[in-house]
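Participant: Next come a sequence and a model predicted from it.
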Amino acid sequence: MAQLSYLEAISDALRIAMGGDERVILLGEDIGVHGGAFKVTDGLLAEFGAERVIDTPICEEAIVGSAVGAAIVGMRPVCEMQFADFVACAFDQIVNVAGKFHYRLGVAVPIVVRLPSGGGFSGGPYHSQNPEAWFLHSPGLKVLAPSSAEDAKGLLLAAIADPNPVLFLEHKNLYRRVRGEVPDGPYETPFTARTVRDGDDLVVIAYGAMVHTALEAIDQLPDASIRLLDLRSLCPLDEEAILAAVRDCSKVVVVDEANYTCAMGAQVSSVIAERAFEHLEGPVVRVATPDVPIPLAPALESAVLPSVERIRAACDELLAY
Amino acid sequence: MRVAPNQAPRTTKPAQPPAADRRGARSGPLPALAEHGSEPAYLDHDDRVALFRFMALHRAIEERGVSLYKQGRVPGSFYDGRGQEATCVGAAFALGPADPICPLIRDLGAHLVKGTSPRRILAHYLGRPGGVSGAREGNVHFGDATLGVLGMVSMLPDMMPVAVGMAMAFKLRRESRCSLALFGDGATSVGDWHEAMNFAAVQQVPAIFVLEHNGYAYSTPSAQQFAVDPVERAAAYGMLGLSVDGNDVEAVFEVVRQARERALAGGGPTLIAAHTMRMHGHGLHDDARYVPAEQLEQWAARDPIALQSERLVSLGVDIEAITTAVAAEVDQATTEALAMPMPDPATATTGVFSEGEAIPIGIGGAPWSGFR
């Protein structure tokens, strides 16, 4: 076990995957000598060479498209979008090529697309987005969003081993802020939800950076027994864990950092409404970013991103329902 | 045979074309008639017959597809490659067994060269699970990946970056293989085309890009698509760009054969513009009223199958025997395909995800005598 930051855990996963399997290659912008915009791939060029750590032109479609090509002839490419926002430029290759190949042609596409996502540090409209819902609506793609260093490493290794295209949302605001005990060597974290804290008055369902925001909010409500469920995997979605939590707690707050409409939280709410209605003792309450681009100024950004205060208020109100 | 290098200046150092590439430079949308009776250096008698047979089979299967469509037996719409048979057949014929190909909707012949059976193609048209896509895909969006044929994606040219990635893997693993992607002139206006051309040239991957220049993106003529012929752009990417008579199957074969040789020798990618003509509308629903009648007449006079037939007749080949056998093969395939069951609705939601170990695409046929 070692104390690693979330970012170091991701780097560790890449290093282990590349060291253990020569089929694993990296593609992305400035990932070589520069080590990536966030330094996730720092040192990998020196360790594995330019043939396996490929600095690409600015060409998100070609990064993902060529990863698909390499994957279907036996490689295990891991792509980095410099910021998750730029995955919009690779949308077609992900959704229409990678996501549909197996259904249409029976061809597995084992690629991972790493998406440094999320806001909270004045990134503005093009460096703060949480684009997971774009892909959750598109069949054939797995979508992961770890919140801890241990899960970041284990989920990334599991994503690289998976025979399907996997979008790996790594929250930029957790890169250096979150540290934790991380097992040495290779291990794979299952694509299931994790109970972060137990409780039975109410459950907060969150993922990514919002797990930490929710935890702070829960800490401010010591009189209530509040469970925190970290989804970790958005597709596949651990519906059974969600339903079990609803059965135990009967009150649910669902938190998204992403924009409100058709977000992951909307799907979670729908699952609860369809399959656990009789277990509810109040409305499903959602906390999400309103449907606006993410503004830059701290005063504006903090006005739209879900805060500790908003989550605490939502819990308070629902507990009193 | 006519193979013309583009003459635009190069900004970097692409591989120089072999001397044979420099013969018969020409320009203009309508290639001159190929020389008859010239002896191709790399094709033996049986190869030349096989090229004819694949083109004849391509056309016969599509004619049957049209007929089945008009009978209401083909779900969806129907698109054919009439007039473009030489480009896909000639290109695929030059590929080795381990060279994957990404055909487009008018490239049925490429599937045949790689070994896809007419029975499975017709079953595919008819929406039967015994067809190539398991009844999941549009009737020309298919490919048997176990033979190294990747079915096209409607967003064009999405398979070009994929071909670059396959070639990148071959280069990285020091494998003697190349990839080939076909696309139309319409696709050259899309951003993926630029990204693939640029990345392929930067990485010097063993990829071959075959542009089927039939003059129309659906109804939009070349003049409204680009101000510079796409083959001229190759030089700006630092890539060799060549034009070829897309209706001359032996010429297409030869230019792709050379491109493959260059690719495997580390010479990087090649853009080949095969000038041809779509003799039908975009699909059967399109009467192609926007194509001048005289243009079609000119191209009809240089039909790719008739051209190869003339060559073979002069060599004493019994063309009628081949076409009769092809017709019988298509009849038999149609009967078998029509007898196949329709898909089970319960299977509609299966197979979205892969389970178990990812299996790479397979190895296909390579009928050219050079691979024997």
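Facilitator: Structure received.
Participant: average pLDDT for stretch A:268-275?
Facilitator: Confidence for stretch A:268-275, expressed as mean pLDDT, is 98.
Participant: Just checking: what are the partner strands of the helix or strand where residue A:205 lies?
Facilitator: Here residue A:205 sits within strand A:202-206, counting by DSSP states H and E. Strand A:202-206 has its sheet partners listed here by DSSP bridges as strand A:226-230 (parallel), strand A:252-259 (parallel).
Participant: gap between the first one and the chain center?
Facilitator: Read it as strand A:226-230. In this view, strand A:226-230 has its centroid 17 Å away from the chain centroid, taken as CA atoms, centre = their mean, to the nearest Å.
Participant: and residue 72, how many neighbours does it have?
Facilitator: Picking chain A for this. 28 (other CB atoms under 10 Å in any protein chain shown). Placement of C-beta: from N, CA and C, glycine included.
Participant: I was after chain B.
Facilitator: Using other CB under 10 Å, residue B:72 has 7 other residues around it.
Participant: Need the pLDDT of it.
Facilitator: For residue B:72, pLDDT reads 97.
Participant: any idea whether it is helix, strand or coil?
Facilitator: Following DSSP: H, G, I helix; E, B strand; the rest coil, residue B:72 is assigned to coil.
Participant: ok, now how distant is it from residue A:91?
Facilitator: Distance of residue B:72 to residue A:91, given as CB to CB, to the nearest Å: 36 Å.
Participant: now the helices for the stretch 151-300 of chain B?
Facilitator: B:159-172, B:191-203, B:230-237, B:249-264, B:293-300 (DSSP state H, counting those that start in this stretch).
Participant: that older thread, tell me the first helix or strand C-terminal of the strand holding residue A:205.
Facilitator: helix A:209-219.
Participant: That following helix packs against which elements?
Facilitator: strand A:194-197, strand A:202-206, strand A:226-230, strand A:252-259, helix A:308-319 (3 or more CB pairs under 8 Å, 6 or more residues apart in numbering or on different chains; DSSP states H and E).
Participant: Need these in JSON lines (columns: mean pLDDT and mean neighbour count).
Facilitator: Below are the helices and strands packed on helix A:209-219 laid out as JSON lines (pLDDT from 0 to 100; neighbours: other CB atoms under 10 Å in any protein chain shown):
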{"stretch": "strand A:194-197", "mean pLDDT": "98", "mean neighbour count": "18"}
{"stretch": "strand A:202-206", "mean pLDDT": "98", "mean neighbour count": "29"}
{"stretch": "strand A:226-230", "mean pLDDT": "98", "mean neighbour count": "25"}
{"stretch": "strand A:252-259", "mean pLDDT": "98", "mean neighbour count": "26"}
{"stretch": "helix A:308-319", "mean pLDDT": "98", "mean neighbour count": "18"}
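Participant: Residue A:15 is in contact with residue A:44, isn't it?
Facilitator: Yes - taking contacts as CB atoms under 8 Å, residue A:15 lies within contact range of residue A:44: 6.6 Å.
Participant: more neighbours, the two?
Facilitator: Between residue A:15 and residue A:44, counted using other CB under 10 Å, residue A:44 has the larger neighbour count: 21 against 15.
Participant: check contacts around residue A:163.
Facilitator: Contact partners of residue A:163, counting by CB atoms under 8 Å, 6 or more residues apart in numbering or on different chains, are A:108, A:110, B:354-358.
Participant: helices and strands around the top helix by length along chain A, which ones?
Facilitator: Counting by DSSP state H, the longest helix found in chain A is helix A:6-20. Here helix A:6-20 touches strand A:24-28, helix A:44-48, strand A:76-80, helix A:149-161, strand A:166-171, strand A:179-182, going by 3+ CB pairs under 8 Å, 6+ apart.
Participant: Let me know whether the fifth one sits next to chain B.
Facilitator: Yep, that's strand A:166-171 we're talking about. No - using CB under 8 Å from any CB of the partner chain, strand A:166-171 never reaches chain B; the gap is at least 10.5 Å.
Participant: Can I get that strand in PDB, CA atoms only?
Facilitator: Only the C-alpha atoms of strand A:166-171 are listed here, as PDB (Å, rounded to 0.1, in the frame of the first residue of the first chain):
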ATOM      1  CA  VAL A 166     -14.700   2.700 -22.100                       C
ATOM      2  CA  LEU A 167     -14.900   6.400 -21.300                       C
ATOM      3  CA  PHE A 168     -12.900   7.100 -18.200                       C
ATOM      4  CA  LEU A 169     -13.900  10.300 -16.500                       C
ATOM      5  CA  GLU A 170     -11.100  11.400 -14.200                       C
ATOM      6  CA  HIS A 171     -12.100  14.500 -12.300                       C
END
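Participant: quick one: strands adjacent to that strand?
Facilitator: Counting by DSSP bridges, the strands paired with strand A:166-171 are strand A:112-117 (parallel), strand A:142-144 (parallel).
Participant: most packed of those strands?
Facilitator: Of all the strands paired with strand A:166-171, strand A:112-117 has the most neighbours on average by mean count of other CB atoms under 10 Å in any protein chain shown, namely a mean of 28.
Participant: Now the element after it, going C-ward?
Facilitator: Counting by DSSP H and E, the next helix or strand C-terminal to strand A:112-117 is helix A:132-136.
Participant: before we move on, the earlier item: Serialize the strands paired with strand A:166-171 to JSON lines and add fields for mean pLDDT.
Facilitator: Conversion of these to JSON lines gives the following (pLDDT from 0 to 100):
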{"stretch": "strand A:112-117", "mean pLDDT": "98"}
{"stretch": "strand A:142-144", "mean pLDDT": "98"}
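Participant: and those strands as JSON lines, adding distance to residue B:287?
Facilitator: What follows is the strands paired with strand A:166-171, written out as JSON lines (distance: least, CB to CB, whole Å):
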{"stretch": "strand A:112-117", "distance to residue B:287": "43"}
{"stretch": "strand A:142-144", "distance to residue B:287": "45"}
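Participant: Quick one, which of the ones you listed gets closest to residue B:87.
Facilitator: strand A:112-117 (34.1 Å; CB to CB).
Participant: could you check the angle helix A:6-20 makes with that closest one?
Facilitator: Strand A:112-117 and helix A:6-20 are oriented at 170 degrees to each other (axes from the mean of the first three to the mean of the last three CA atoms, to 10 degrees).
Participant: what's the angle between strand A:112-117 and helix A:149-161?
Facilitator: 150 degrees.
Participant: which residues touch strand A:112-117?
Facilitator: Counting by CB under 8 Å, 6+ apart, A:10, A:28, A:37-38, A:40, A:64, A:67, A:77-84, A:87, A:90, A:94, A:129-132, A:145, A:156, A:159-160, A:165-172, A:175, A:208 sit against strand A:112-117.
Participant: How about the contacts made by the closest residue to residue A:11 other than its chain neighbours?
Facilitator: If you skip the residues right next to it in sequence, residue A:11 has residue A:40 as its closest partner in space, 5.5 Å away by CB to CB, 6 or more residues apart in numbering or on different chains. Counting by CB under 8 Å, 6+ apart, residue A:40 makes contact with A:7, A:10-11, A:14, A:31, A:80, A:114, A:116, A:170, A:175.
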